Structures are given as C-alpha cells and as structure tokens.
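Novice: fold the stuff below for me.
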Amino acid sequence: MSRIGKKPVQIPAGVTVEIEGTTVTVKGSKGELNRSFSELIKFEQEGEEINVIRVDESTESNAQQGLSRTLLHNMVLGVSEGFEKKLELTGVGYRVALKGKDLDLSLGYSHPVIYKAPENIEFLVPDNTHITVKGISKEQVGQVAAEIRMKRPPEPYKGKGIHYEGEHIRRKLGKAAK
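Specialist: Numbers count the residues shown, from 1 in each chain. Alright, predicted model coming up:
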C-alpha cells in the first residue's frame, strides 16, 4: 500500500482545482497548470482537500497512486508558491548576463552561449556568477536548470563549470609527479 498516496492533498486559500475525468486543472495566484493522469486513478474533492483513490488493487495502480498524489501536490504548490533552482558558475572568465528574458553565458568557448527562456520560466541573475530559475512547474524548472548545467558541466579536476548551489563536486587527483 502506498503511504504517500493515501494522504490527502491540502488546497490552500486562493487555489481552485477542477477535476474532469482524468484531467485536473489547478489555478492559483501564480498561474494555471493542467495534467492528464492515469485511468487507474480517480480524484475526489472533499472541501479543502483532494483524495487520490485507486480504481483497482493491482501493484501498478499502487505505484500510480503515490505518483499521482505527488504530481498533484506539486501542481498545487507551484500555482500558490512557485519553484526555483539556483545555479553557480565556477571558473575564470565564466559569467552570465541577462539579455532581455534570455541568458547570455560566457563559458570559455570561442562564442557566447545564448539560452532562450521557455514559456512560464523566469531567470534572475543577482550577480555575474549566479542564476536563479523560477517557474510554477517543478518539472519544467528542473529541466531548464539541468539544460543550463549541461552547457558546461562541472569537471572533476579543477571544479570549473556550472553546478547547482550546494552541490558537492567530487574532485580527482591530477597526474602524480615523479
């Protein structure tokens, strides 16, 4: 039995949830999200909470129940509070600037790297070595942060590159001198 799937999702004030079959639409102060869920799951709204219920007793529906509950909870959090990921640039000459809504990254290549901002994503650049990715969809914020990180992943010898704030980079020893 899924312990997470049994817990109801609390709906904060200012958030509305519409359930139409397997499609759920969540509206809040930050925006609107909608998603289609598996047919093995149904949702029941009781006042200020939503219960996620399995249609049958198979092990697949058990896993779907926990996943569906977590996805719905992330949707509710996203439209009420939003999500953010922070990235750091480490290395001599590595810097970032905001050009309109897009990022202009100098990463040691012979050319600047331009990363265009997807819809519903906002970039904040507090200084030239830090990036904050903000949005209402946890999936989209994580994906955009991962794509930016892949432009120059951190290397294990000097630690240069783009990494998440607080991420520990395992360092390797260089060649041993004779």
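
Novice: every contact and neighbour count from this point should use C-alpha atoms.
Specialist: Fine.

Novice: mind showing which ranges of the protein have poor pLDDT?
Specialist: Applying pLDDT under 70 to the chain flags residues 1-2, 177-178.

Novice: quick one: the helices in this protein, in order.
Specialist: Using DSSP state H, the helices of the chain run over 3-6, 59-80, 138-149.

Novice: residue 46 is nearest to which of those helices?
Specialist: helix 3-6 (14.1 Å; C-alpha to C-alpha).

Novice: all strands for the chain, in order.
Specialist: 9-10, 16-20, 23-27, 32-36, 41-46, 49-54, 83-90, 95-99, 102-106, 113-115, 121-124, 130-135, 161-164 (DSSP state E).

Novice: which other helices and strands does the last one contact?
Specialist: If I follow you right, that is strand 161-164. When contacts are defined as 3 or more C-alpha pairs under 8 Å, 6 or more residues apart in numbering; DSSP states H and E, strand 161-164 sits against strand 83-90, helix 138-149.

Novice: from the chain's centroid, how far away is the first one?
Specialist: On the basis of C-alpha atoms, centre = their mean, to the nearest Å, strand 83-90 sits 12 Å off its chain's mean C-alpha point.

Novice: export the strands of the chain to a markdown table and tack on mean neighbour count and distance to residue 62?
Specialist: Compiled in a markdown table, the strands of the chain are given as follows (neighbours: other C-alpha atoms under 10 Å; distance: least, C-alpha to C-alpha, whole Å):
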| stretch | mean neighbour count | distance to residue 62 |
| --- | --- | --- |
| strand 9-10 | 16 | 17 |
| strand 16-20 | 15 | 21 |
| strand 23-27 | 18 | 19 |
| strand 32-36 | 15 | 18 |
| strand 41-46 | 16 | 9 |
| strand 49-54 | 19 | 7 |
| strand 83-90 | 20 | 27 |
| strand 95-99 | 18 | 45 |
| strand 102-106 | 19 | 42 |
| strand 113-115 | 16 | 39 |
| strand 121-124 | 17 | 33 |
| strand 130-135 | 22 | 30 |
| strand 161-164 | 23 | 33 |
